[in-house]
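K.L.:
3D, please:
(2 chains)
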Amino acid sequence: MWLKIPIEVRSICILGQKNSRNYTQCDSLLIGDKCGAHTVPYIEVKNNSSRVEHEATTSKVDDDQLFYCRQRGMGEEEAVALVVNGFCKDVLQALPMEFAMEAQQLVAISLEGSVG
Amino acid sequence: MLKINNLHVSLEDEDKEILKGVDLTVDAGKVHAIMGPNGSGKSTLSYVLSGKEGYNVTDGSVELNGDDIMELEPEERAALGLFLAFQYPIEIPGVGNMTFLRTALNAQRKARGEDEISATDFLRLVREKAATLKIDSDMLKRPVNVGFSGGEKKRNEILQMAMLEPKICILDETDSGLDVDAMKLVANGVNALRDEGRGFLVITHYQRLLDHIKPDVVHIMADGKIIKSGGPELALEVENNGYSDLLDEAS
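P.N.:
Below you'll find the predicted structure:
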């Protein structure tokens, strides 16, 4: 199942306190050539002493990475799952355990059948 | 063990023939070296053997222990015992070295109908193999090849080779970018894996690696073909005289 619609990611941040600060980072990883990523940060600042930052990166699962994993014995789907989990790892690790486990399962389910 | 027969390979995108009839047989227990000028097709040979995309086999065949491997996926060739030590090992952010090794080993075992390795056996095996290559536990925990120095990356390739216990090992310019000490360490790691059930194909530019990994046969490759084969002294001849005499001889 290829993703045929572009995915839009919105982040919402509302800064009310004086001297509050926001940093939003959006990293997208594209799998295959039929999807796109659109990140839409929504930052509402309710005072003029706040500091806001937004950063977005988009990358593709590298063919060389996949070949490296496959040359070591992993199938294509397993290789993609490994690379994607590595990509998500920092964020998943920062989540409370219950969310982290569910998020990991969600990644696995969404990758099922997404290759080939 | 590895039989390459009249292999002709072109690039998929362009209509350019890179391998123009390579014939090569590596018997079990032997170390074959391939040397040759840049552009001779040495790396292409290693990529085609391991199943990298982007190449068309237009003629010839490759057999590994009697199995034709050209139609097989990279992971199927790996499970049959083919290993490529990359010239430029790939970085995989967020994936620990240990995780990578264990996933790879279990994937191959599963493909061969074997049981997965137990956690304790795996840890014992990794620590044992890592120690001989002077790879410490810190490096084992780091993401695969991320921030590794050239020497560390090549040692990591040899660690993977030691863990996966392949039948045929292709070393693609394993000594490139290494200082003498790192090269010796890598060479020792390779020599420790020499076995009567295992064959090696060592692709190198420089004779010095072959001082440490002594080959049984040396082949000179140029313009997509093997133009001369001989004993270890052939490598010394190239080191002293360069390739031009041999190229003249061939044409």
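K.L.:
from here on, contacts and neighbour counts on C-alpha atoms
P.N.:
Fine.
K.L.:
can you give me phi and psi for A:Cys69?
P.N.:
Main-chain torsions, A:Cys69, degrees, to the nearest 10: phi -60, psi -40.
K.L.:
tell me, how many residues neighbour it?
P.N.:
When neighbours are counted by other CA atoms under 10 Å in any protein chain shown, A:Cys69 registers 26.
K.L.:
these two touch, right, it and B:Ala104?
P.N.:
Yes. Checked against CA atoms under 8 Å, the pair A:Cys69 and B:Ala104 is within contact range at 7.4 Å.
K.L.:
Three-state assignment for whatever residue of the stretch 51-200 of chain B ends up closest to chain A, please.
P.N.:
Nearest to chain A, among the residues of the stretch 51-200 of chain B, is B:Gly94, at 3.8 Å (CA to the nearest CA). When classified by DSSP: H, G, I helix; E, B strand; the rest coil, B:Gly94 comes out as strand.
K.L.:
can you tell me the helix or strand for residue 106?
P.N.:
Just so you know, I chose chain A. Per DSSP states H and E, A:Leu106 falls inside helix A:97-111.
K.L.:
actually chain B
P.N.:
With DSSP H and E as criterion, B:Asn106 is part of helix B:97-111.
K.L.:
average pLDDT for stretch B:232-239?
P.N.:
What stretch B:232-239 shows for mean pLDDT is 90.
K.L.:
which ones are touching B:Lys134?
P.N.:
By CA atoms under 8 Å, 6 or more residues apart in numbering or on different chains, the contact set of B:Lys134 is empty.
K.L.:
for it, give its distance to A:Val83.
P.N.:
27 Å (CA to CA, to the nearest Å).
K.L.:
B:Asp13 reaches B:Asn56, doesn't it?
P.N.:
No. Counting by CA under 8 Å, B:Asp13 stays clear of B:Asn56, with 9.3 Å between them.
K.L.:
so which of the two has more stuff around it?
P.N.:
Neighbours were counted for B:Asp13 and for B:Asn56 using other CA under 10 Å; B:Asn56 has more, 17 against 9.
K.L.:
doesn't B:Asp15 make contact with the more buried one?
P.N.:
No. Using CA under 8 Å, B:Asn56 is not in contact with B:Asp15, being 9.7 Å away.
K.L.:
what about the residue of the stretch 51-200 of chain B closest to chain A, how many neighbours?
P.N.:
Quick note: B:Gly94 (other CA under 10 Å) scores 19 neighbours.
K.L.:
confidence score at whatever residue of chain A ends up closest to chain B?
P.N.:
For chain A and chain B, the shortest gap (CA to the nearest CA) falls at A:Gly86, measuring 3.8 Å. pLDDT, A:Gly86: 87.
K.L.:
next, the buried residues of whichever strand or helix holds it.
P.N.:
Element membership of A:Gly86 [criterion: DSSP H and E] is helix A:76-94. By neighbour count on 16 or more other CA atoms under 10 Å in any protein chain shown, the buried set for helix A:76-94 is A:76-89, A:92.
K.L.:
now stretch B:164-177
P.N.:
With the criterion 16+ other CA under 10 Å, stretch B:164-177 contains buried residues B:164-176.
K.L.:
could you dump these to TSV with secondary structure, distance to chain A and pLDDT?
P.N.:
Formatted as TSV, the buried residues of stretch B:164-177 follow (DSSP: H, G, I helix; E, B strand; the rest coil; distance: CA to the nearest CA, whole Å; pLDDT from 0 to 100):
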residue	secondary structure	distance to chain A	pLDDT
B:Leu164	helix	8	96
B:Glu165	coil	11	95
B:Pro166	coil	10	97
B:Lys167	coil	13	96
B:Ile168	strand	13	97
B:Cys169	strand	12	97
B:Ile170	strand	12	97
B:Leu171	strand	13	96
B:Asp172	strand	14	95
B:Glu173	coil	16	93
B:Thr174	coil	16	90
B:Asp175	coil	19	88
B:Ser176	coil	19	86
